[in-house]
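A.B. asks: here's my sequence, what's the structure:
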Amino acid sequence: MTRLSVNVNKIAVLRNSRGGNIPNVLQVAMDCIRFGAQGITVHPRPDARHIRKSDVYELSKAVNVEFNIEGYPSEDFLKMVEEVVPGQCTLVPDPPGVLTSGKGWDTIGNAALLKEVIARLRQRGIRISLFVETDARAIEGAAKAGADRVELFTGPYAEDYPKNPVAAVSPYTEAAGIAASAGLGLNAGHDLNTSNLRYLKQNLPGLLEVSIGHALISDALYWGLEVTIGKYLDCLR
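C.D. replies: From the prediction side, this is the model:
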C-alpha cells in the first residue's frame, strides 16, 4: 500500500493566525497517526508563517511513524535536519518568500549543490528525496546526485485531471518508469485530493508515498479528521 504522510502546515497556519496554541499541532499530528496516517510531513519556511522550528523539534520527539521534513537546503535548514534526524528529508527548490512549492529541481543546473547536500545529510542516515517534475533528465539527475527517492510534483496533474485524466497522468506513468530504471524510490505530492488520488495511485507503479496537506486539512473541516484520513487511505488501497 502507498503510504499517506499528512502535512500539518495548515494546522500551524490556523494556530498562528490567533496566537497561543490552538489548534495544537502536536495533538493533531498524533491524532492523524492514531487514525491511520503512516507519516507526518512538515515544511518549515524562513518566515515561520506556519510550521516553526520549535514545532519540528517537538514533533520529532513524539512522532512514531515516518517524519518527513521538507525545505530548501539553506544552512539553517540543514543544521536543523542534522539535529532532528528525520526518517526522510525532501529537498525543494523554493527560495525564501515563495507561497508554495510550484516547480521541481533543475537537478542538472544544481548538480554540485545537490550532491554536496545529499552527501552531508546521508552521513546522518537520513533518506533523501528530491522534489522534481516529470522531466526524464531531472529524474536521472536526481539519481546521479545521490538521492534515494524523487517526489513528483503533481500540481499539473491535479490541474489537468478534470479535463482529461488519461492525458494528465500519462507523463507521470512514464516518469515512474524512469525513476524505477534509475534505481529511485517514488513519492508524489501537491494538490492531491480524494477526486484525483485514486487514479494517480492506479497509474503510478511503485508509488511509495504521497504527502498531502492543504486538501486533506480542508476536507477535515467538513468530514472530521478521522473520516477524512480514512477516505484518503481508501484511495491508496
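
A.B. asks: which residues of the chain score low on pLDDT?
C.D. replies: 95-102 (pLDDT under 70).

A.B. asks: what sits against Tyr172?
C.D. replies: By C-beta atoms under 8 Å, 6 or more residues apart in numbering, the residues touching Tyr172 are 134, 152, 154, 157, 188, 200, 203-204. In this view, the C-beta of every residue, glycine as well, is placed from N, C-alpha and C.

A.B. asks: if you could redo that for Thr173, that was the one I meant.
C.D. replies: 203-205.

A.B. asks: repeat that for 7 Å
C.D. replies: 203-204 (C-beta atoms under 7 Å, 6 or more residues apart in numbering).

A.B. asks: that one belongs to a helix?
C.D. replies: Yes. Thr173 forms part of a helix when assessed by DSSP: H, G, I helix; E, B strand; the rest coil.

A.B. asks: state the distance from it to Leu152.
C.D. replies: Using C-beta to C-beta, to the nearest Å, Thr173 is found at 10 Å from Leu152.

A.B. asks: likewise for Ser181?
C.D. replies: Relative to Leu152, and taking C-beta to C-beta, Ser181 is found at 15 Å.

A.B. asks: which one of these two has more residues nearby?
C.D. replies: The neighbour count for Ser181 versus Leu152, taken as other C-beta atoms under 10 Å, is higher for Leu152 (27 against 12).

A.B. asks: where do the strands of this protein begin and end?
C.D. replies: Using DSSP state E, the strands of the chain run over residues 3-7, 39-42, 66-71, 88-91, 127-132, 149-153, 185-189, 207-212.

A.B. asks: sheet partners, orientation included, of the fourth one?
C.D. replies: Just to be clear, that refers to strand 88-91. Sheet pairing of strand 88-91 (DSSP bridges) gives strand 66-71 (parallel), strand 127-132 (parallel).

A.B. asks: before we move on, what about the last one?
C.D. replies: Strands that pair with strand 207-212, judged by DSSP bridges, come out as strand 3-7 (parallel), strand 185-189 (parallel).

A.B. asks: could you dump the first one to CSV, C-alpha only?
C.D. replies: If I follow you right, that is strand 3-7. In CSV, the C-alpha atoms belonging to strand 3-7 read as follows (Å, rounded to 0.1, in the frame of the first residue of the first chain):
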residue,chain,number,x,y,z
ARG,A,3,1.8,5.4,2.5
LEU,A,4,-0.1,8.5,3.4
SER,A,5,2.0,11.3,5.0
VAL,A,6,-0.1,14.1,6.3
ASN,A,7,1.4,17.6,6.0
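
A.B. asks: got the contact list for that strand?
C.D. replies: 32, 37-41, 43, 66, 68, 208-213, 216, 232-233, 236.

A.B. asks: ok, stretch 122-136 next?
C.D. replies: 81-82, 85-93, 101, 103-105, 107, 114, 118, 121, 138-139, 142, 146-153, 171-172, 174-175, 178, 187.

A.B. asks: show me which residues of it are buried.
C.D. replies: Using 16 or more other C-beta atoms under 10 Å as the test for burial, stretch 122-136 gives 126-135.

A.B. asks: next one: stretch 166-183
C.D. replies: Of the residues in stretch 166-183, those buried (16+ other C-beta under 10 Å) are 168-169, 171-172, 175-176, 178-179, 182.
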